[in-house]
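**Student:** Coordinates only, no sequence provided:
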């Protein structure tokens, strides 16, 4: 019973079926059904975790769908440490978010629909991380994409929601296109799609092919995890209800890309060029998104760009070869980012769906629980000692530093491009400063100072318990998870646990002292940003003005999101169109292309075929005679 | 002479014959509304025949030859007979929706006669039985197509189908005569010995060619396909549904048995000929289907295309040291089974639309999802499955056929199959788009076909059940297709092939 | 000389004779047309109306019915011939009876459906 992985996806699937079939008649219960199911699968995950302690990995074949010759398609479960960590994060956060949504969506008329898609999403996400092969992963990768699409467009009467949903869908299609090609190449190269068999075949695989596969898989990860230049969909995805933003677009689905890279880590280790690409894209995205977050006024957009930035850091860690660290940061990030989103949802809920920080302020006393938890989450995001974000982010930066500083020829520099990691380290530090700055800019603007909109402020009220309890639980996680999992650095619980699945890159040659120095450096960076923000927005020091004078145009650049959305009218639309062309090109557009060709051809051929299809039986008979002569003649002549 | 024991094995056939005769007598001596009765008789007969089929299947799964080698009862024939009993039962329920009392009872009787022919055909072990069975199957079908005899299109379709069918039968007899002349036997198994002893001399190939052409007509392979769209379009929809699946799959079963049994020594030549015909069939069927605006015509060309896919499976022969290995035959059985269910279901939904709008035009599907969600959903399942979208049964069918084509070294044919399948997505998905993404032009004229009875509750429910059963099976065999494939493989293994 | 050459020769001669007579008359005949010569010959009677007149469909029905039963009766010849030569006459009789019963069913159907009813 304890070791029954199938029960984990089964419960949300059942909740999906129940809510889908009966939800419309009993809307009140849908939220509780969903929550109960997800809590149940969290419990089952914990049970599995306990039961599998000590076991390296366990593979169980659930259903062999196709077995044709040497080609099989399985639905199978692979439960190793990496899967279990992901499952704990996914089901844990989902359970809390589902509970929270019971309160948040209470007044929504269509909530049965909401609580139908949420369990379906959880189910798909579970099946994604539990898969033992790339094909199953891809199918559920698409499924979570579909759920995301449906939930972003949940308020389908809003044009912006529909546009955002479509954008998310199309941008993801670019990534998925690359992903699909990567999978096909992997099948051609290895003759299988099961992870274990792929890894076993790495030794004899063509190096160029492995690099190509790794890069193409990463393209898929870029789409799902919102990395430059495919990050544009994520901020717009905030059009969905806030619990969706918290669950799908911060804590779980968007981390699927990171999971993919870590899951395929033996492949990436064989493809250093691809790994360098991962690190470069991650670092650039991290700084890009952080700068944009500086000037956002919509509280959810700040968090969205922050998510993009943090995902960039995870990829940077993975790119440095520190896969375990990437997962560590993924886990802590899930806690504090879900907390921040839910906290912002609580604020938005209190203010009648107002999301603009320029109309907030002074909510500290009105929303004490939200405020307290939000502060914790903010400190964790800013990576202030001893909160969760500190431990994981510090390790990310430490690994990047040591990779850059490692002796040539050492284990860490076995890969290419170690030198460029100096740049990545500097980028990481900059991101630390920026992160702390925008986080506290957001907190000050929302909770401190005088209320900027009296009427809204008047009506503000603390949220009901179903919403605050998840906040408190997540706050505990945001505060403690880093320390619990990550102390001592490099040898914490999570490192030991993930050692087999993801591999642990110990910082060889780096004694306690350098590690400590690095930790101090990154803490100083975080505190700098924090203090700057407090000074600028709490005390009213003219820091932003100075900054403007110092770097004229920078603000405009950030505000215009580095013109990436302007390119939206040019490049991005073109890209989106290209995405449309590519995706439809692959699914239906190649068909379309063929069909346009075929359209002409078939108009011609149809004319010709029409000439054959005269409706005259004697012509048909003649045709048969011609066929008979050809068949018999061909058989006899070409024997 | 007839061994009494032999009769025991053909009890299902005898029951089907009995129901057919009972229906005829019933039609002759009673008056009034006999719809209930005709459906009941046919269903009861087919049900008990199916029961007897499984009770009388040889216990050890071995093939049993009956009537001095005229007929064989093996897993192969049992597989197809099960399918045909199911299809005929679905067709009679479908017919009850479409026909008033008097034509319905004729419809049922003709259906049973045709069913009898099909059941004998898949067990034929001798050219004589094969020919009689093929005619027993075909002649009632000609009448079925022309059953609505006050409609010019229906009569025209029946006439064309009959005239060309007679031509094909003549070719078949000529081929059989050559085969007999060359080998001195009409037994399929002994034919192989005779052919083998003559080598691949032209005359054997001449006989083979004639037989391939005649069976090519029955399965609607290019260029012997021309009757298909006309016949389907003109036939009353339940008849079209039955014609598009039953006789075609039965003829495919005979074709597979003939090439694997009687002409096995010529396997290398057969592969080439069938591969070329299959490629032409897939290409022309799919291309022509794009240009159609009538849904029954479209399904007609679609059925031609699917004939091509099945022929790929028949053509998939890998030459081993021990002789020819017909690796594709189990996949043909699988494909025939799922093809029959999904195409039949598509016709059943087409009739729902026909009853609503009195039109078979594709535009009548516009906005069907708004009007009637369940038929639209079922149609989407059929269209996606016919396209070959996972996880539906059509996908598995194509996958197995592709696999056998690749195993047999027919890579180019596999590529043709994939490319033409992609092309087919265009016309199949167009129906889905019409149903779900477009609004209807004007309120549908709710006038049923002039002679069709207003569907009463039970009959309409029964028709919904037909749609539901076919759609459910199309989904189910996609998900648990392994079982069906295992049955098909066992059927082929225990056959006389 | 193989024995069948004579047969082939006979066929060839027959063919040549037939074609030869036709071609010969075509070549030699005088071409003079007058009314009596181009009129259809109907046993010396003056032809009335068009040759493409319409017949009642019932003729066809009766003809087809006759044809079917006539052909099916043919099956009784071998049955009757073998009846005395076979030991298991009971089952042979049974086969004949079944065959007759099927025929009778068809007959009843046709009769009750009014195929034999001329005035309907």
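**Tutor:** Yep, that arrived. All figures in this text were calculated on a predicted structure; none of them were measured in a lab.
**Student:** How about the residues of the stretch 151-300 of chain A by chain C?
**Tutor:** By Cβ under 8 Å from any Cβ of the partner chain, no part of the stretch 151-300 of chain A sits against chain C. (Glycine included, C-beta is placed from N, CA and C.)
**Student:** the helices in the stretch 151-300 of chain A, which residues?
**Tutor:** Using DSSP state H, counting those that start in this stretch, the helices of the stretch 151-300 of chain A run over residues A:159-190, A:195-201, A:207-224, A:233-236, A:242-246, A:256-263, A:265-269, A:272-294, A:299-319.
**Student:** What is the second one packed up against?
**Tutor:** So that's helix A:195-201. With contacts taken as 3 or more Cβ pairs under 8 Å, 6 or more residues apart in numbering or on different chains; DSSP states H and E, helix A:195-201 sits against helix A:159-190, helix A:265-269.
**Student:** one step back: how about the helices of the stretch 151-300 of chain A in a markdown table, adding distance to residue B:213, mean neighbour count and mean pLDDT?
**Tutor:** Below are those laid out as a markdown table (distance: least, Cβ to Cβ, whole Å; neighbours: other Cβ atoms under 10 Å in any protein chain shown; pLDDT from 0 to 100):
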| stretch | distance to residue B:213 | mean neighbour count | mean pLDDT |
| --- | --- | --- | --- |
| helix A:159-190 | 40 | 20 | 81 |
| helix A:195-201 | 47 | 16 | 83 |
| helix A:207-224 | 48 | 23 | 87 |
| helix A:233-236 | 57 | 24 | 80 |
| helix A:242-246 | 62 | 29 | 82 |
| helix A:256-263 | 54 | 27 | 88 |
| helix A:265-269 | 54 | 21 | 83 |
| helix A:272-294 | 56 | 24 | 85 |
| helix A:299-319 | 63 | 29 | 87 |
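**Student:** Any idea which of the ones you listed gets closest to residue B:159?
**Tutor:** Taking Cβ to Cβ, helix A:159-190 is the member of the helices of the stretch 151-300 of chain A nearest to residue B:159, at 50.6 Å.
**Student:** what's the closest one packed up against?
**Tutor:** If contacts are counted by 3+ Cβ pairs under 8 Å, 6+ apart, helix A:159-190 sits against helix A:134-152, helix A:195-201, helix A:207-224, helix A:233-236, helix A:573-584.
**Student:** Domain parsing of chain C, as residue ranges.
**Tutor:** C:3-38, C:59-113 (automatic domain parsing).
**Student:** of all the helices of the stretch 151-300 of chain A, which lies closest to residue C:10?
**Tutor:** Evaluated over the helices of the stretch 151-300 of chain A, closeness to residue C:10 peaks at helix A:159-190, with 70.4 Å, by Cβ to Cβ.
**Student:** Export the helices and strands packed on helix A:195-201 as a markdown table, with columns for distance to residue B:221.
**Tutor:** As requested, those are exported to a markdown table (distance: least, Cβ to Cβ, whole Å):
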| stretch | distance to residue B:221 |
| --- | --- |
| helix A:159-190 | 32 |
| helix A:265-269 | 46 |
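**Student:** Now tabulate the helices of the stretch 151-300 of chain A in JSON lines and tack on distance to residue B:228.
**Tutor:** JSON lines is the format used below for the helices of the stretch 151-300 of chain A (distance: least, Cβ to Cβ, whole Å):
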{"stretch": "helix A:159-190", "distance to residue B:228": "36"}
{"stretch": "helix A:195-201", "distance to residue B:228": "46"}
{"stretch": "helix A:207-224", "distance to residue B:228": "44"}
{"stretch": "helix A:233-236", "distance to residue B:228": "47"}
{"stretch": "helix A:242-246", "distance to residue B:228": "51"}
{"stretch": "helix A:256-263", "distance to residue B:228": "48"}
{"stretch": "helix A:265-269", "distance to residue B:228": "50"}
{"stretch": "helix A:272-294", "distance to residue B:228": "52"}
{"stretch": "helix A:299-319", "distance to residue B:228": "56"}
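**Student:** Contact distance from chain B - what residues of chain C qualify?
**Tutor:** Residues of chain C lying close to chain B by Cβ under 8 Å from any Cβ are C:86, C:88, C:91-92, C:95, C:102, C:105-106, C:108-109, C:111-113.
**Student:** if you set the cut-off to 6 Å instead, what comes out?
**Tutor:** With Cβ under 6 Å from any Cβ of the partner chain as the criterion, chain C meets chain B at residues C:88, C:91, C:105, C:108, C:109, C:112.
**Student:** Surely the last one touches residue B:28?
**Tutor:** The one in question is residue C:112. Yes. With contact defined as Cβ atoms under 6 Å, residue C:112 counts as touching residue B:28 (3.5 Å).
**Student:** quick one: secondary structure of residue 114?
**Tutor:** Using chain A here. What DSSP: H, G, I helix; E, B strand; the rest coil gives for residue A:114 is helix.
**Student:** should've been chain C
**Tutor:** coil.
**Student:** Which residues are in contact with whatever residue of chain B ends up closest to chain C?
**Tutor:** Closest residue of chain B to chain C, Cβ to the nearest Cβ: residue B:28 (3.5 Å). Residues counted as contacts of residue B:28 (Cβ atoms under 6 Å, 6 or more residues apart in numbering or on different chains) are C:108, C:109, C:112.
**Student:** which of these count as buried?
**Tutor:** C:109, C:112 (16 or more other Cβ atoms under 10 Å in any protein chain shown).
**Student:** got a markdown table for the contacts of residue B:28, with pLDDT and distance to chain A too?
**Tutor:** Shown next, in a markdown table, are those (pLDDT from 0 to 100; distance: Cβ to the nearest Cβ, whole Å):
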| residue | pLDDT | distance to chain A |
| --- | --- | --- |
| C:108 | 88 | 34 |
| C:109 | 87 | 29 |
| C:112 | 84 | 33 |
